[in-house]
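# I would like the atomic coordinates for the input below:
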Amino acid sequence: MQFRQQALSKLQSPEELDLPVRFARPQGRLVLLVTVMVMAAACFWAVEGSVSSTIDAPAVLTHAQGSYVLQSPVAGQVTAVFAKEGQSLAADAPLLKVRTAQGDRTVRVIAAGRLTGLGATIGSVVATGANVASVERAGGPDDPLVAMVYVPGDSGAQVPVGARVDLGVQSVPADRYGVLRGRVAAVGRTAQSGQQIAAFLGDARLAEQVSQQGRPVAVLVRLDRAPTASGYRWSSADGPPFAVDSMTPATATVHLADRRPLDWLLP
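Numbering: from 1, shown residues only. The predicted model follows:
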C-alpha cells in the first residue's frame with residue numbers, strides 16, 4: 001500500500017518544476033573545457049599549420065662533369081706507372097707504359113681530371129679493352145663539388161628544383177661537424193640503370209650501392225659555398241677543418257615543400 005500511495009502521488013504531480021536541475025558537475029565542466037580547447041587548436045593547426053616531409057636517399061660527392069673509365073688500347077705487360085690515385089692530370093697525359101709484341105706503348109688519359117682509381121700496377125698484364133683506370137672530369141682544383149642524389153624512382157616526381165638538402169658525409173662525423181647544406185639544381189626525367197650510373201661515376205661499386213633499391217632517379221644538388229675550411233656551408237658554424245674529397249659517399253635528406261594538413265585530406 002505504501003508503494004501504491006507513492007505511485008499515485010507521482011502521477012498527480014509528474015513535473016517537479018520547483019526543484020533545481022544540475023546540468024554538469026564541476027569535473028564535467030573541466031573536461032568539456034579541455035575538449036573545446038583541443039578541438040580549437042586542432043582546427044587552427046589544420047588551417048594555418050604545415051606538414052614537412054622528407055626523402056632519404058644515397059648520394060655521392062663528385063664533379064658535375066662525371067667520370068670515365070679508361071681502357072687499355074693495347075695488350076701487354078705494364079712496365080711503368082706515371083701517376084697515382086688522387087693526382088690531377090691534364091688531357092693526353094701519360095698514365096702507363098705497356099710492353100707489347102710491337103714494342104713499348106704509352107697509355108694516355110683522354111680528358112683532364114683527377115685519377116680516382118688505378119687498376120694496373122707494374123708487372124701486371126693487361127688485355128686490349130681492359131679497364132685500367134677511372135678519371136673524374138674536372139676543370140681544375142677549384143672546380144666545385146656537387147652531390148648526385150639517387151632517389152627511388154617512384155619519388156623523383158615529388159622533388160622540386162630548389163628544395164633544401166642536408167648531406168651526411170661518410171668521412172665527416174656528423175655529431176661534431178653537422179651536415180653539408182645544398183639545394184636541388186636539377187631532377188632527372190627517367191630512372192637510371194646501374195650501368196648508366198657506373199658510366200657517370202666511373203665506379204661500378206658505388207653504382208651498385210646507390211641502386212640497391214631498384215632503378216633510381218638522379219638529382220643534382222649544388223652545394224652552398226661558404227668561407228670555411230672545406231669551402232662549403234655546414235649545419236655547424238665552421239664545419240670540418242679539412243676539405244672533402246670527391247667520390248665520397250653520403251646520405252641525403254631532401255626536404256620537400258611544406259603542405260598544409262587540409263591539403264592531405266582534401267581531394
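# Can you get me a residue count around Pro249?
If you count neighbours by other C-beta atoms under 10 Å, Pro249 ends up with 15. All C-beta spots, glycine's among them, are computed from the backbone N, C-alpha and C.
# For it, grab phi and psi.
phi -70, psi 150 (degrees, to the nearest 10).
# mind listing what it touches?
58-61, 170, 206, 209 (C-beta atoms under 8 Å, 6 or more residues apart in numbering).
# make it 10 Å
58-61, 168-171, 206, 209-210 (C-beta atoms under 10 Å, 6 or more residues apart in numbering).
# which of those residues has the most neighbours?
Ala59 (29 neighbours).
# any idea how far that one lies from Thr128?
Distance of Ala59 to Thr128, given as C-beta to C-beta, to the nearest Å: 35 Å.
# can you redo the contacts of Pro249 as TSV with distance to Ser236, pLDDT and secondary structure?
Output for the contacts of Pro249, formatted as TSV (distance: C-beta to C-beta, whole Å; pLDDT from 0 to 100; DSSP: H, G, I helix; E, B strand; the rest coil):
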residue	distance to Ser236	pLDDT	secondary structure
Pro58	23	94	strand
Ala59	19	94	strand
Val60	22	94	strand
Leu61	18	94	strand
Gly168	13	95	strand
Val169	12	94	strand
Gln170	17	92	coil
Ser171	15	91	coil
Leu206	27	88	helix
Gln209	27	89	helix
Val210	26	89	helix
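# Which one of those residues is nearest to Tyr177?
Of all those, Val169 has the smallest distance to Tyr177: 8.7 Å, by C-beta to C-beta.
# That closest one contacts Leu61, doesn't it?
Yes: counting by C-beta atoms under 10 Å, Leu61 is a contact partner of Val169 at 6.9 Å.
# hey, what's in contact with both of the two?
147, 180, 232, 244-245, 248-250.
# okay, among those, which ones form the most distant pair?
That would be Tyr232 and Pro249, which, of those, are the farthest apart (C-beta to C-beta) at 16.4 Å.
# residues touching the most centrally placed residue in the chain, list them.
Compute the mean C-alpha point of the chain, and by C-alpha atoms, centre = their mean the closest residue is Ala252, 2.2 Å away. Residues counted as contacts of Ala252 (C-beta under 10 Å, 6+ apart) are 54-60, 147-151, 165-168, 179-180, 182, 184, 219, 221.
# rerun that using 7 Å as the cut-off
57, 59, 147, 149, 165, 167 (C-beta atoms under 7 Å, 6 or more residues apart in numbering).
# Kindly confirm my reading that it is in a strand.
Yes: counting by DSSP: H, G, I helix; E, B strand; the rest coil, one finds Ala252 located in a strand.
# For Gly162, see how far away it is.
Taken as C-beta to C-beta, the span from Ala252 to Gly162 is 15 Å.
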